[in-house]
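*Asks:* Compute the structure for the input listed below.
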Amino acid sequence: MLFKGCGTALVTPFIDGEVDYEAYASLVDRQVESGVDFLVPLATTGETPTLSAEEKQALLKLTSGLAGKLPLLVGCGSNSVPGTLANMKLLEPCGVDAWLVVVPFYNKPTQEGQYLYFKAIAEASDKPIVIYNVPGRTGANMTAATCLRLAREVPGIIGIKEASGKIDQVREILEGAPEGFAVLSGDDDLTLEMMRSGAAGVVSVASNIAPSRVKAMTDAALEGDFGKAAAIDAELQTLFKNCFVESNPIPVKAGLEAMGLCRAEVRLPLSAASKDTVGIMRETVKPF
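*Replies:* Residues are numbered from 1 along each chain as shown. Purely as a prediction, here's the structure:
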């Protein structure tokens, strides 16, 4: 299984409207030193829709150069087949182990449309693909039946990042998944519950702030020590919840700024963290 344990969905720091590559490099170094299992650049948390092609390439090259042996699960999804394939062509030379491809947003595809879309993407790529189901962002949920159909019928689809918040749906996927198909939590606060049911790990937002603690939790869960995992999860729940008091990644960036790791700046259409969020995150990050 290529992706298991703790993977961090990396933020993209900005300074006066430009990508802060120096801060980004420091953030990646911190993740590597903390022992996370894989990195996820250019996903939702990285504000990727606001990045230029040149910025995406530069960020991925930098990540690849700093990641060492850590696998890179790289966001490349769009809401069309040509758009996603164009992103793959742009990014593949920059360092990719597998693609994270989101369920097409805005279009609201049917289950058949989702199946055919991911089949077309997988058949056009020689890299493994992890589906990303996040209906709160895309407006379309991928059902367990569609996920399992893709897992069983389409070579190259190796897992799903599940952020539907539907535990019964996750359990149905886990019960029916072929051997080697990874189910990764896309909701920090549900990770432990999902791993109790057999999920392989998490693509985490909170691990931008507390990588070693999230890693310790997933390690304990993978080892079957759910008592230890539950104790760590309990100490992290406030962080998990508060990272989403506003749209991601506004709160996590406010937390990183409070830690002196990067500015809280985001790009439009996101706006700066509210005064309440800044205060909440200053308190939240103190233990880390």
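*Asks:* Averaged over its residues, which helix or strand of the chain has the lowest pLDDT?
*Replies:* Sorting the helices and strands of the chain by mean pLDDT, DSSP states H and E puts helix 135-138 at the bottom, at a mean of 95.
*Asks:* Alpha carbons of it, as PDB, please.
*Replies:* Taking C-alpha atoms only, helix 135-138 is exported to PDB below (Å, rounded to 0.1, in the frame of the first residue of the first chain):
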ATOM      1  CA  PRO A 135     -19.100  16.500  -1.600                       C
ATOM      2  CA  GLY A 136     -19.100  19.600   0.700                       C
ATOM      3  CA  ARG A 137     -16.800  21.200  -1.800                       C
ATOM      4  CA  THR A 138     -17.800  19.600  -5.100                       C
END
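*Asks:* I'd like the distance from whichever strand or helix holds residue 117 to the chain centre, please.
*Replies:* According to DSSP states H and E, residue 117 maps onto helix 111-123. Helix 111-123 sits 21 Å away from the centroid of its parent chain (CA atoms, centre = their mean, to the nearest Å).
*Asks:* helices or strands next to it in the packing?
*Replies:* Counting contacts by 3 or more CB pairs under 8 Å, 6 or more residues apart in numbering; DSSP states H and E, helix 111-123 is packed against helix 81-91, strand 98-102, strand 129-133, helix 144-153. For the C-beta atoms, the positions are set from N, CA and C on the backbone; glycine is no exception.
*Asks:* if we can go back for a sec, for the least confident helix or strand of the chain, buried residues please.
*Replies:* For helix 135-138, the buried set under the neighbour-count rule, 16 or more other CB atoms under 10 Å, comprises 135, 137, 138.
*Asks:* Likewise for stretch 19-33?
*Replies:* 19, 20, 23, 24, 25, 27, 28, 30, 31, 32.
*Asks:* Toward the C-terminus from the helix or strand harbouring the fourth one, list the very next helix or strand.
*Replies:* The one in question is residue 24. Taking DSSP H and E as the definition, residue 24 sits inside helix 21-34. Per DSSP H and E, helix 21-34 leads on to strand 38-40 as the next helix or strand towards the C-terminus.
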